[in-house]
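Asker: let me see the structure of the following:
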Amino acid sequence: MKILIKNIKELLQVRENNIDKVSGREMATLPKIDNAFLLIENNLIADFGTMRNCPDGHFDKIIDATGRTVLPTWVDSHTHIVYAGNREQEFVDRINGLTYEEIANRGGGILNSAKKLNATSEDEIYNQSKVRLEEVMQQGTGAVEIKSGYGLTVEGELKMLRVIKKLSQNYPIKIKATFLGAHAFPMEFKENHSAYIDLIINEMLPRIAAENLADYIDAFLETGYFSVEETERIMEAGKQYGLTAKIHVNQFTAIDGIKACVKHEALSVDHLEIVTDEDIAALKNSKTMPVALPSCSYFISIPYTPARHMISAGLPLALASDFNPGTTPSGNMNFVVATACIKMKMTPEEAINAATINGAYAMGISETHGSITKGKSASLIITKPLTSYYQLPYAFASNLIEQVIIEGKLI
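Answerer: Numbering: from 1, shown residues only. Model (predicted):
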């Protein structure tokens with residue numbers, strides 16, 4: 001299948017030579033070609049350039065992108081798309097003044113989702129989750145990481161990971177699975193943390209590995225959840241099964257978790273609403289990608305990741321949605337990019353880099369996604385006619401996407 005996209009007003013995120021990520025001042029540069037073409041062959045980017053070099057010949061499809069911007073699809077490196085039911089009541093509880101901690105302490109939050117998930121069949125969880133996956137694809141996401149973590153039992157976690165695997169098999173979107181058994185302590189282990197961690201290490205991990213159900217391992221490293229020492233145990237256990245760490249950290253408090261994650265060569269550290277100078281020093285010159293989740297901050301009214309401070313310090317930054325039923329019931333990466341610009345004072349160039357090339361790094365898919373590079377996946381957003389790509393974050397509530405191509409397929 002050969003598809004030619006011609007007369008592209010702006011072709012964004014053009015990288016002749018593939019790079020893993022952009023950091024610091026580099027994030028302000030978004031390479032582009034004006035009046036461009038792009039050629040798709042065998043679901044890959046085969047060629048691109050200015051219209052004066054546009055190829056002739058037979059094409060299965062020609063798309064005229066006059067007035068339109070084309071860019072790589074969003075890479076959402078942190079989601080909890082697979083879940084059962086919703087937590088609408090907690091949304092109202094927060095409006096009425098309850099905090100995240102107060103809701104969790106009375107059996108809400110993650111434990112509420114776990115109760116619902118364990119009472120729901122695998123088929124029903126799949127049917128609910130595929131609706132959310134289809135929605136984010138239509139909103140321009142072409143690669144997504146999905147976590148378990150609402151099972152908190154051996155069978156519940158396996159059930160979630162099997163649903164993620166089935167979604168990956170049935171949809172063209174690139175999916176990576178993360179095992180998050182260490183999301184919260186079930187009620188029966190509230191006073192015996194080590195016994196639950198033993199369950200994760202001795203029962204969950206061997207079965208997950210036997211069925212090849214996960215790419216990464218995660219834990220909620222936070223005051224009142226998993227301590228630094230407990231998280232280190234989990235990261236070490238993950239390594240035994242070839243699972244690199246991607247860790248929730250610094251959402252509410254800074255307890256030296258980032259330093260521990262860097263020490264264990266975590267691929268990413270996610271949330272970072274609270275960031276200290278010591279955290280920044282630990283991240284400098286490391287292989288660990290910081291990931292901000294601005295729509296979570298928006299939804300539950302907590303601080304935003306201090307992007308300006310981190311970028312000024314020379315760090316890279318990725319953006320992701322945190323799509324989950326409790327604190328971010330949306331996977332709309334267009335809103336994430338806009339919110340990063342509006343609330344975190346990232347420039348449009350920085351935000352688009354964070355949601356494409358740096359997002360791909362945080363998912364471990366830099367070789368195939370995140371930029372317009374020959375040989376990479378033909379996963380593209382074609383916008384409606386725009387005055388410039390600045391309109392994407394500026395018109396934050398408008399749907400400016402006309403077409404989405406994922407792995408060479410029109411969605």
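
Asker: list the buried residues for stretch 89-101?
Answerer: Within stretch 89-101, the residues that count as buried by 16 or more other CB atoms under 10 Å are 90-91, 93-94, 98, 100. In this view, the C-beta of every residue, glycine as well, is placed from N, C-alpha and C.

Asker: what's the answer for stretch 57-76, then?
Answerer: Applying 16+ other CB under 10 Å to stretch 57-76 flags 59, 63, 65, 68-76 as buried.

Asker: same question for stretch 150-167.
Answerer: 150-153, 156-167.

Asker: count the neighbours of residue 212 for me.
Answerer: For residue 212, the count of nearby residues is 11 (other CB atoms under 10 Å).

Asker: mind listing the strands for the stretch 101-250 of the chain?
Answerer: 141-147, 174-182, 216-221, 244-249 (DSSP state E, counting those that start in this stretch).

Asker: relative to residue 340, which of the ones you listed is closest?
Answerer: Taking CB to CB, strand 141-147 is the member of the strands of the stretch 101-250 of the chain nearest to residue 340, at 15.4 Å.

Asker: quick one: mean pLDDT over that closest one.
Answerer: Mean pLDDT, strand 141-147: 98.

Asker: just want the angle from it to strand 216-221.
Answerer: 60 degrees (axes from the mean of the first three to the mean of the last three CA atoms, to 10 degrees).

Asker: using PDB, write out every CA atom in strand 141-147.
Answerer: The C-alpha coordinates for strand 141-147 follow below in PDB (Å, rounded to 0.1, in the frame of the first residue of the first chain):
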ATOM      1  CA  THR A 141      -2.600   8.800  20.000                       C
ATOM      2  CA  GLY A 142      -0.700   6.200  18.000                       C
ATOM      3  CA  ALA A 143       1.200   4.500  20.800                       C
ATOM      4  CA  VAL A 144       0.200   3.900  24.400                       C
ATOM      5  CA  GLU A 145       1.500   2.300  27.500                       C
ATOM      6  CA  ILE A 146      -1.200   0.600  29.600                       C
ATOM      7  CA  LYS A 147      -0.700  -0.400  33.300                       C
END
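
Asker: helices and strands around it, which ones?
Answerer: Judged by 3 or more CB pairs under 8 Å, 6 or more residues apart in numbering; DSSP states H and E, the packing partners of strand 141-147 are strand 74-76, strand 174-182, helix 357-363.

Asker: in its sheet, what does the longest one sit against?
Answerer: With DSSP bridges as the criterion, the sheet partners recorded for strand 174-182 are strand 141-147 (parallel), strand 216-221 (parallel).

Asker: which secondary structure elements does the helix-or-strand element of the chain with minimal mean pLDDT contact?
Answerer: Sorting the helices and strands of the chain by mean pLDDT, DSSP states H and E puts helix 100-105 at the bottom, at a mean of 83. Applying 3+ CB pairs under 8 Å, 6+ apart, one finds that helix 100-105 contacts helix 88-95.

Asker: which residues does the helix it packs on contact?
Answerer: 98, 100, 103, 108-109, 112, 300-301, 326, 329 (CB atoms under 8 Å, 6 or more residues apart in numbering).

Asker: once you drop chain neighbours, what's closest to the residue positioned nearest the centre of the chain?
Answerer: Closest residue to the average C-alpha location of the chain: residue 77 at 2.2 Å, with CA atoms, centre = their mean. Spatially, and ignoring its direct neighbours in sequence, residue 77 is nearest to residue 362 (3.8 Å; CB to CB, 6 or more residues apart in numbering).

Asker: repeat for residue 171
Answerer: residue 133 (6.2 Å).

Asker: tell me who's in contact with the one you found.
Answerer: When contacts are counted by CB under 8 Å, 6+ apart, residue 133 touches 81, 144, 167, 171, 173.

Asker: narrow those to just the buried residues.
Answerer: Buried among the contacts of residue 133 by 16+ other CB under 10 Å: 81, 144, 167, 171, 173.

Asker: for these, which one is nearest residue 372?
Answerer: residue 173 (18.2 Å).

Asker: pLDDT below threshold where in the stretch 151-300 of the chain?
Answerer: Within the stretch 151-300 of the chain, no stretch has pLDDT under 70.

Asker: give me every residue that touches residue 164.
Answerer: Neighbours of residue 164 in contact, by CB under 8 Å, 6+ apart: 82, 146, 148, 175, 177, 213.

Asker: surely the last one and residue 159 touch.
Answerer: No: because the distance of 10.3 Å does not satisfy CB atoms under 8 Å, residue 213 is recorded as not touching residue 159.

Asker: any idea how far residue 140 is from residue 119?
Answerer: 34 Å (CB to CB, to the nearest Å).

Asker: just residue 352 next, same as before
Answerer: For residue 352 relative to residue 119 (CB to CB), the value is 41 Å.
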